[in-house]
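Asks: here are the coordinates; sequence isn't available:
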C-alpha cells in the first residue's frame, strides 16, 4: 500500500531521458545534493523541498552563470581583480591623457635648414631704397633714393626693390621671377618655413619685392600702356660711368641711372603678373587686403601682357642694348602659360585655365617639343617646366576632367619626361666628374639652373607622395619618388661642399667658401670713405678677401671640370644673383626634413580661390504632405 500523493501520480521520478539543459545543469551538482540522494535523483525543485538547511547553505556558495556554475569566492576575486587593474593601469592612463602636454620638440635643424637661414640673408643684402633698421646687414645702408626720378608718371619714383647681382642694376624681369619662386615655395611649404622660424622673414622679403613691382606700372588702373623694365644701365666695354664701368657701393653711386620704360612687354608683363598672383596666394591667410590688391594689379598686368601678341618676336628685350646682353628673353609664350596658370590659382577665373590649356598656346610655346633639350630646363628665360608642373598639380589634386583633361594629361606626361631627363642614368644632360648636372652645358653661372630644377624635382616627388603615388615611369622603367629626392639632395650637397674641391659655394656656409665675390658692396669697405667711379677698382682688383661677408650668397659655380676660380674678375664663377638664390631657397626648403611631419606640401592653399569644379548634389525634395 502506498502513501497518498495528493497531486496525483507516484513520487518516483523517471530518469530515462535527460534534456541537454539537464545534462548541463547536472554536471556540477554540489556535494550536499549528492549525499542526499539514496534511491532517486532529485531535481532542483525537489532539492529545495527536501534538503536540510545545511545543504541549502552549501548550495548558496555557487552562482549559476548558465552552463557554468562558479564559486562566489572566485567571482569576487575576479571582480576585485578588475577593479584593481583599472586603478593600477586605467586610472593613471586616463589622468595622463587628461593633462595638457607640451608638443614634442622638433628635431634639430639639418644642414639644409642651416643653409636656408643664410640663403635668405642674401636678399637683405640686395635691398635698394630706405633700409629698415632690422635688416640685419650692418654694412648696408640707404641707396638708390633718386631711382626713377626721370619717370615722371610714377609717384615717388622707383625707389626700393632689389639689385640683381654684383652690380647695382635693378632688372625687373629676373626680379619678378625671383619673387614668383619665393612665393611658390611659401605656398607649398609654409609649415616648413614656420618650423625653421623663417616664415615671417621670407614673406617680408617677398613683400619688399612686390611692393616695388607695383611701382613699375600704374597698378591702380584697369588698363596701362607701359611698364618700367629696369633702373640703371650698362653697355658692353663702356668707358663712360655706368653700372658696370664703375665699381661703387650702392650707397656711393653718383652716375646716371636711367629708367627704361617699354610699351610692349608680353614676357616681362607675364612674369610680373605671375609674381603678383603667386604672392597674393602667399599673403591670403593673414593679409587679405594686400592679397586682393595684388590680385587686382595682376589682372591689369596680365591684360597688358596679352594685349598684343601678333608678333611672336616682340619680346621686351628685343633691340634694347641695355637689356639684350644680360637678360634677353627668347620667347614670351612660356610666360603666357606660366602666368595664366598662376592667374587661375589666384582668381579662380576659369578663363585663365582655358587660356593656359589651349592647345594652340601649347603649340606656340613648343611645350611638347621633346627633341629640344633646353625646353626641359627651368630658368628665368624658360618657364615651361615650371608651368607644366603647376598644371600637373591641378590634374593630380583636383582632376577637373573635360574640357581640360587632354592638355593636362600632356603637361603631366611632359613633366614626367623632364624628371627622367634630370636623372644621370638616362644620359640626357652631362654631369661633371664630381656629380654636378650641367643644365646650361658648361657655360657660366651653372648653379642657378641646378637649384631651380632641383626644386622642381623635389616638389614633383612631394606631389606624388601627397596623393599616395609611389613613383612614375621613364619608358619601361618604374622610378620611385625617392630617386628624385636623391637627385635634388645630391645637387644641393655638391653646392654645400660635397664636391672635389670640398668647398661650399654658399658664402658663409661651412669653413671653406669663396672669399672674393664679384660684388661691389661686399668687396668695398664699409667706412666713411666715398670712392669715385674708378676709385673702387683697388677693391675689385685686390687679392685680399672681401671686407664684408655677403652671407648666404650662392656664387655662379664651377666649370664643367669642377674647377673654380675664386676671383672677382671671374664673374661667371663668383657673381651671385637674385634668381640663383631664389632657386636655392626653394630647393632647400623642399628638401629639408624640418617640419616634414605635418605633410610634405600644403595641398589646399593653392586652390583656395578655385571654385568647385563639379556642381554639388542638389538636396532631396521636401517630404510630400497631403
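Replies: Nice, thanks for sending it over. Given the structure is predicted, the values throughout are model-derived calculations rather than measurements.
Asks: Now do the strands for the chain: every range, in order, please.
Replies: Remark: strands assigned in the chain by DSSP state E are 62-64, 69-71, 170-171, 227-231, 259-262, 471-474, 477-480.
Asks: Now do residue 383 against residue 604, distance only.
Replies: 24 Å (CB to CB, to the nearest Å). (Each C-beta comes from the backbone N, C-alpha and C, glycine too.)
Asks: More neighbours: which of these two?
Replies: Shown here are residue 383 and residue 604; by other CB atoms under 10 Å, residue 383 has more neighbours (28 against 9).
Asks: Contact partners for residue 605?
Replies: Residues counted as contacts of residue 605 (CB atoms under 8 Å, 6 or more residues apart in numbering) are 187, 190, 281, 284-285.
Asks: and with 6 Å instead?
Replies: Residue 605 makes contacts with residue 187, as judged by CB atoms under 6 Å, 6 or more residues apart in numbering.
Asks: Tell me how many other residues crowd the residue lying closest to residue 178 once chain neighbours are set aside.
Replies: Distances taken as CB to CB, 6 or more residues apart in numbering place residue 582 nearest to residue 178, at 3.8 Å, with adjacent residues excluded. Neighbours of residue 582 under the rule other CB under 10 Å: 32.
Asks: Was I right to think residue 582 contacts residue 184?
Replies: No - using CB atoms under 6 Å, residue 582 is not in contact with residue 184, being 9.5 Å away.
Asks: thinking again about what came up before, ok, the residue nearest to residue 178 to residue 328 distance?
Replies: On the measure of CB to CB, residue 582 and residue 328 end up 19 Å apart.
Asks: any idea which of the strands of the chain is most buried?
Replies: Of all the strands of the chain, strand 170-171 carries the top mean neighbour count, a mean of 30, counting by mean count of other CB atoms under 10 Å.
Asks: what ranges do the helices span in the stretch 101-250 of the chain?
Replies: 111-125, 172-195, 199-213 (DSSP state H, counting those that start in this stretch).
Asks: got the contact list for the second one?
Replies: Think helix 172-195. 106, 162, 199, 202, 206, 209-210, 213, 216, 229-230, 268, 271-272, 274-275, 278-279, 281-282, 327, 380, 578-579, 582, 586, 589, 594-595, 598, 601-602, 605-606.
Asks: mean confidence score for it?
Replies: Averaged over helix 172-195, pLDDT sits at 97.
Asks: same check, this time on stretch 563-583
Replies: Mean predicted lDDT for stretch 563-583 stands at 98.
Asks: centre of the chain versus that stretch, how much separation?
Replies: For stretch 563-583, the distance from its own C-alpha centre to the chain's C-alpha centre is 26 Å (CA atoms, centre = their mean, to the nearest Å).
Asks: Check the separation of the first and last residues in it.
Replies: 22 Å (CA to CA, to the nearest Å).
Asks: Stretch 474-490 now?
Replies: Distance between the two ends of stretch 474-490: 20 Å, counting by CA to CA.
Asks: Not counting that stretch itself, show me its contacts.
Replies: By CB under 6 Å, 6+ apart, stretch 474-490 touches 420, 422-423, 435, 454, 457-458, 461, 464-465, 470-472, 591.
Asks: one step back: and of the helices of the stretch 101-250 of the chain, who's closest to residue 515?
Replies: Residue 515 lies closest to helix 111-125 among the helices of the stretch 101-250 of the chain, at 15.6 Å (CB to CB).
Asks: pLDDT wise, what is the residue nearest to residue 414 when sequence neighbours are not counted at?
Replies: The shortest distance from residue 414 to any non-neighbouring residue, by CB to CB, 6+ apart, is to residue 388 (5.1 Å). Note for residue 388: predicted pLDDT of 98.
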